[in-house]
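Visitor: Just the structure for this:
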Amino acid sequence: MMNEREKLDLITQISLDINEVKDIDLLLERILTSVRKFFNADAGSIYLRDKDNLRFSYSQNFSQQQKLPPGRKLIYNTFSIPINNMSIAGYVAKNRKTVNIPDVYSINDSVPYTFDSQFDIISNYRTSSMLAVPIINQRNDVLGVMQVINAQGDDGEILPFSPEDEPLIMHFANSAGLAIERAQMTRNIILRMISMAELRDPKETAAHVNRVGAFSVEIYEEWARDKMIPDEEVERQKDVLRMAAMLHDVGKVAISDLILKKPARLTLDEFEIMKSHTYLGARLFKNIQSDFDEVALQVALNHHEKWDGTGYPGHMDPETEEPLPGFEGANGTLKPKKGEEIPVFGRVVAVADVYDALCSRRSYKEPWDEDRTLEEIRQSTGKHFDPDMVRAFFSCLDVLKSISKRYPDEDEPQEKAD
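Guide: From the prediction side, this is the model:
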């Protein structure tokens, strides 16, 4: 049993670990994992504020996770609830109060909120104890709500959360608020860069790049597990990959509208100009000062390379547009990259980007149905795509589908809870 000093030291260390994560989605995962383990809670969830609503943004459930095959992830739906006194999370956000409930099925009538049991029914789970806290930033704005569920004793028995846990979870919430605000700022900067690209190319929407970023992380994580890459390395790379993948097409800001918005098929000369978005995007990250710069350059430059060597731009110095030393072709042409000459993150994003493009509506096409999309991915194995990446893609396909629902296009309806 830890004493108070040991608990505070552990909270401080966890807070430092949390602050290392830059991407908001991966940050929510790290926060909830840390908090749930600290309180020995079986499950938990985080809601983030979206104007007058809370959006169910991340969830974990150890008991449910244990029922899945090794390496598989829980699938959960996202939804929104109003910030009012009707729900537990809504009440916590509205009143900025921590709520500690011994049994959500025996809530006292003196409080205005109720527990919605439909989530337990759908998941075949029994929520009992719950500790919920508002996440507040330094300006005293409510950013969201964090809940930990079903405290466990040493023998696995479900217990109420102790009143002594309440100030401790506030420490976590304060640290989480700072980290979340910083991560949201980073995400918003990236999305503003995407907005510039979207002004030029309507296909480069926030929803599209969020999906490609999230798809890339899941495919990479599955691939890395098969390759037995150490967990610490995977966690570190996931953070930068998530952001870098979102910027895979940022080089399109330099391409003429006459080409980007042309409603007909491009001519060969126009396509050559379009291909330049790879190395033009890479140039934005040429002064490498961080892991993010390095990965973002790799992704921008290599996401159109193909496993069989028929992609572009090949072995090129993105700054000079000249062949890299030792890779000069005949008459100064570029030698193509193929196979494992293509950096890993270029191979990851290639699959993620094509999958989303095929599934999505475009001005020139309707979305492909699932069977046609998956068959195209299969047929492109060993040609366009790294076969190991395709295996990883199919292994996490159920998670990819849930991500698509989390980031719908603007013309698609989003779920709301009453």
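
Visitor: OK, contacts around V351?
Guide: Counting by C-beta atoms under 8 Å, 6 or more residues apart in numbering, V351 makes contact with F215, I219, I377, F385, D386, M389, V390, F393. Heads up, the C-betas are built off the backbone N, CA and C, glycines and all.

Visitor: Show me those residues that map onto helices.
Guide: F215, I219, I377, M389, V390, F393 (DSSP state H).

Visitor: Let's have the residues you listed in a markdown table, adding neighbour count.
Guide: A markdown table is the format used below for the ones in helices among the contacts of V351 (neighbours: other C-beta atoms under 10 Å):
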| residue | neighbour count |
| --- | --- |
| F215 | 25 |
| I219 | 30 |
| I377 | 19 |
| M389 | 22 |
| V390 | 21 |
| F393 | 25 |
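
Visitor: circling back: which two from the contacts of V351 end up farthest apart in space?
Guide: Spatially, the most separated pair among those is F215 and D386, at 14.8 Å (C-beta to C-beta).

Visitor: For this structure, just list every one of the strands.
Guide: In the chain, the segments counted as strands under DSSP state E are 41-50, 53-61, 80-82, 99-101, 130-136, 142-152, 158-159.

Visitor: So for R406, which of the ones you listed sits nearest?
Guide: Nearest of those to R406, taken as C-beta to C-beta: strand 53-61 at 8.6 Å.

Visitor: Neighbouring strands - and their directions - for that closest one?
Guide: For strand 53-61, the paired strands and their directions (DSSP bridges) are strand 41-50 (antiparallel), strand 80-82 (antiparallel).

Visitor: what does it contact?
Guide: Residues from elsewhere that reach strand 53-61, judged by C-beta under 8 Å, 6+ apart: 25, 28-29, 32-33, 36, 42-49, 74, 76-83, 89-90, 93, 123, 125, 144-145, 149, 416-417.

Visitor: so where's the stretch 301-418 of the chain shaky on pLDDT?
Guide: The stretch 301-418 of the chain contains residues with pLDDT under 70 at 332, 362-365, 411-418.

Visitor: Let's see that with 80 instead.
Guide: Residues of the stretch 301-418 of the chain meeting the criterion pLDDT under 80: 329-333, 361-365, 410-418.

Visitor: Please apply the same query to the chain.
Guide: Applying pLDDT under 80 to the chain flags the ranges 1-16, 71, 77, 194-205, 261, 263-264, 329-333, 361-365, 410-418.

Visitor: which helix in it runs the most residues?
Guide: helix 165-200.

Visitor: Does anything pack onto that helix? Which helices or strands?
Guide: helix 4-18, helix 24-38, strand 130-136, strand 142-152, helix 206-226, helix 231-246 (3 or more C-beta pairs under 8 Å, 6 or more residues apart in numbering; DSSP states H and E).

Visitor: ok, and for the first one, which residues are buried?
Guide: Within helix 4-18, the residues that qualify as buried are K7, I11, I14, S15, I18, counting by 16 or more other C-beta atoms under 10 Å.
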